[in-house]
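**Student:** I need the structure of the sequence given here:
(one chain, ligands or ions: 2)
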Amino acid sequence: MARKAPQPERADFVVVANRLPVDRVVLPDGTVDWRTSPGGLVTALEPVMHGQDGAWVGWHGAPDETLEPFTDDGLKLVPVPLSTQEVEEYYEGFSNATLWPLYHDGVAFPEFHREWWDAYLTVNRRFAEAAAGIADDGATVWVQDYQLQLVPQMLRERRPDLRIGFFLHIPFPPTELFLQLPWRREIVAGLLGADLIGFQLPGGAQNFLRLARGQLRMDTKGDTVRLPDGRTARARAYPISIDARAFEEMAGTPEVVQRAEQIHADLGHPKTVFLGVDRLDYTKGIKQRIRAFGELIAEGALDPEDAAFVQVATPSRERVEEYKLLRDEIDRLVGQINGDTGRIGRPPITYLHSSFPREEMAALYTTADIMVVTPLRDGMNLVAKEFVACRRDGDGALVLSEFAGAAKELKQAYLVNPYDINGLKASMMEAASAPEAERKRRMRAMRKQVFENDIDRWADRFLTDLKQADPTAEADQTG
Ligand code: ADP
Ligand code: F6P
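**Tutor:** Ligands and ions are numbered 1, 2, ... in the order given. So this is what the prediction gives:
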């Protein structure tokens, strides 16, 4: 991809996220390439930003490089540098080995290290300064996700004229878990720098409001926190979504339709294709679903001649210990199941540890009969919505963990508790044997949900509420 490098002027609308929408990658021959960054945040926000004349502040994915702002595909990008040590302490450490497991119900043990917190402070300050530098007078700045929870307050100190929103893409944990954090008060105060704090689900907003009262002794009324400086901040739920129409259109192109047929042929035209698509993350319940499928094959409930499982897992956070362990465990599990039950040309599980273009994702969603999404905890899970959006045939079944935010919206999925392997097996079998009319009835309802509540609606709801906030107004003291 070619980049142009004019210095962007100040912007009226600024998104601040740990990552830019593109990652800078240096290839073995020394040439530089830019690739779409991993994860749901970029999938969701990219179409929002392309509809706005805004700037995106974020890290470009490589350490020890300071890059000038540049324009990509009409979008102003402002790279924030991170040193190798900051990548270790702020990104891999505090963000992904402290906050990530803590906010996902402690499904892995969160580690608490004071140096990691110091790096988190330093890097959040750098992001706040970069945002303050690019935001025009009275601009709207929208800060994203758990890596940058201190930015709202830091930015407000520097730029009280700005309208500041914050959205958390991952779950906000129950207060009992959050209280383990030695820096719990600082995080709550950091978020309260925003005028509007968005969560995926109402429960997250309620947990946060409880902490604002309990930890910082703030007055709250409904979803509104009254701050000592006279401002108010609101905490509300905005379940995130996807550009459903774009996914549907992509799935209808002749290239994707043909590719979907090719994948089916390459798999040997099995009667039932199960599919899993995730970042390789221990929150996603990949082990649980593979174990369930392996048992169904071993017990003879599914015949490897008829059923295939395709698991696609994007490499993610590969230097964090828990992710290394997970990779080894999945390699072993898949190897064992294929070794025990496969035959030449017919391994029951096709496992690809790799990232693919969106068109390939759309082809996989089209090929699958049953999408298996089994996180142990997930803020939303956009993969589930992408699958639904791509089903132009109105067919296909979704097996979905009740611990994904998406389960609150996609109620016609086959909802499962991923810790209950027998229950998971039963639901996978139920989905596999459901009559076509039943599958289509469920899919129709889910498609209606996803298309009516798409990413434009999400952004509109958040930004309309944010517009109502007047950062400079004194709070109404009478209410
Ligand atoms: P998270 O943000 O935790 O990664 P989501 O399900 O919300 O989880 O979003 C994941 C995004 O990454 C989706 O847009 C999905 O299409 C994309 N994705 C997941 N796995 C792959 C892969 N192997 N190759 C390319 N994109 C992927
Ligand atoms: O949506 C959750 C999220 O953690 C984003 O904040 C992040 O950009 C994405 O998943 C991918 O993770 P990472 O940036 O650590 O590769």
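
**Student:** kindly report the residues of this protein close to ligand 1.
**Tutor:** 39-40, 43, 277-279, 312, 314, 355-356, 361, 380-383, 386 (Cβ under 6 Å from any ligand atom). The way it works is simple: take the backbone N, C-alpha and C, and place the C-beta from them, glycine included.

**Student:** filter these down to the ones in strands?
**Tutor:** 277, 278, 279, 312, 314 (DSSP state E).

**Student:** against residue 32, how distant is the fourth one?
**Tutor:** As for residue 312, its distance to residue 32 is 26 Å (criterion: Cβ to Cβ, to the nearest Å).

**Student:** neighbour-wise, which of these two wins?
**Tutor:** More neighbours surround residue 312 than the other of residue 312 and residue 32, with 20 against 11 (other Cβ atoms under 10 Å).

**Student:** per-residue confidence for the more buried one?
**Tutor:** At residue 312, the model reports a pLDDT of 98.

**Student:** what do you get for residue 72?
**Tutor:** pLDDT at residue 72 comes out at 88.

**Student:** that one pairs with what?
**Tutor:** Residue 72 has these beta-bridge partners by DSSP bridges: residue 75.

**Student:** in the chain, which residue sits nearest ligand 1?
**Tutor:** residue 40 (2.6 Å; Cβ to the nearest ligand atom).

**Student:** what's the spacing between the closest residue in space to that residue that isn't next to it in sequence and residue 285?
**Tutor:** Excluding its sequence neighbours, the residue lying closest to residue 40 (Cβ to Cβ, 6 or more residues apart in numbering) is residue 382, at 4.3 Å. Separation of residue 382 from residue 285 (Cβ to Cβ) stands at 16 Å.

**Student:** give me the low-pLDDT residue ranges for this protein?
**Tutor:** 1-8, 470-479 (pLDDT under 70).

**Student:** do that again at 50, thanks
**Tutor:** Applying pLDDT under 50 to the chain picks out residues 1-2, 475-479.

**Student:** next, count neighbours for the residue in it positioned nearest to ligand 2.
**Tutor:** Closest contact between the chain and ligand 2, by Cβ to the nearest ligand atom, is at residue 39 (2.3 Å). Neighbour count for residue 39, taken as other Cβ under 10 Å: 18.

**Student:** leaving out sequence neighbours, find the closest residue to it.
**Tutor:** Leaving out its chain neighbours, the residue that sits closest to residue 39 by Cβ to Cβ, 6+ apart is residue 279, at 6.4 Å.

**Student:** run a quick check on residue 219 versus residue 226, I expect a contact.
**Tutor:** Yes: assessed by Cβ atoms under 8 Å, residue 219 is found in contact with residue 226 at 4.4 Å.

**Student:** between the two, who's got more neighbours?
**Tutor:** Neighbours around residue 219 and residue 226, counted as other Cβ under 10 Å, are more numerous at residue 226. The numbers are 18 against 13.

**Student:** around ligand 2, pick out the residues from the stretch 101-250 of the chain.
**Tutor:** Within the stretch 101-250 of the chain, the positions near ligand 2 by Cβ under 6 Å from any ligand atom are 145, 169, 170.

**Student:** repeat that for the stretch 301-450 of the chain.
**Tutor:** So far as Cβ under 6 Å from any ligand atom goes, the stretch 301-450 of the chain lies against ligand 2 at 316, 317.

**Student:** what ranges do the strands span in the stretch 301-450 of the chain?
**Tutor:** Using DSSP state E, counting those that start in this stretch, the strands of the stretch 301-450 of the chain run over 307-314, 349-352, 370-373, 397-401, 414-416.

**Student:** out of the ones you listed, which comes closest to residue 180?
**Tutor:** Proximity to residue 180 (Cβ to Cβ) singles out strand 397-401 among the strands of the stretch 301-450 of the chain, at 24.1 Å.

**Student:** residue 285: how many residues sit nearby?
**Tutor:** 28.

**Student:** what about it, distance to residue 170?
**Tutor:** For residue 285, the distance to residue 170 - Cβ to Cβ - is 15 Å.

**Student:** same question, residue 43
**Tutor:** In terms of Cβ to Cβ, residue 43 sits 15 Å off from residue 170.

**Student:** bridged to residue 16, which residues?
**Tutor:** Applying DSSP bridges, one finds that residue 16 bridges with residue 57, residue 143.

**Student:** show me what contacts it?
**Tutor:** For residue 16, the contact set (Cβ atoms under 8 Å, 6 or more residues apart in numbering) comprises 56, 57, 58, 127, 130, 131, 141, 142, 143, 144, 148, 151.

**Student:** turn those residues into JSON lines, including neighbour count.
**Tutor:** Listed next are those as JSON lines, based on neighbours: other Cβ atoms under 10 Å:
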{"residue": "56", "neighbour count": "29"}
{"residue": "57", "neighbour count": "31"}
{"residue": "58", "neighbour count": "25"}
{"residue": "127", "neighbour count": "24"}
{"residue": "130", "neighbour count": "22"}
{"residue": "131", "neighbour count": "30"}
{"residue": "141", "neighbour count": "30"}
{"residue": "142", "neighbour count": "27"}
{"residue": "143", "neighbour count": "31"}
{"residue": "144", "neighbour count": "25"}
{"residue": "148", "neighbour count": "27"}
{"residue": "151", "neighbour count": "30"}
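
**Student:** quick check: the residue nearest to residue 40 touching residue 42?
**Tutor:** No: judged on Cβ under 8 Å, residue 382 makes no contact with residue 42 at a distance of 10.2 Å.

**Student:** looking at these two, which is more packed in?
**Tutor:** residue 382 (26 against 20).

**Student:** contact partners for that one?
**Tutor:** Residues in contact with residue 382 (Cβ under 8 Å, 6+ apart) are 40, 43, 44, 240, 241, 242, 406.

**Student:** surely the fourth one is in a strand?
**Tutor:** No: assessed by DSSP: H, G, I helix; E, B strand; the rest coil, residue 240 does not belong to a strand; its assignment is coil.

**Student:** oh, and call the first residue 11 from now on, that's how I've got it
**Tutor:** Done: numbering now begins at 11, and the last item shifts to residue 250.
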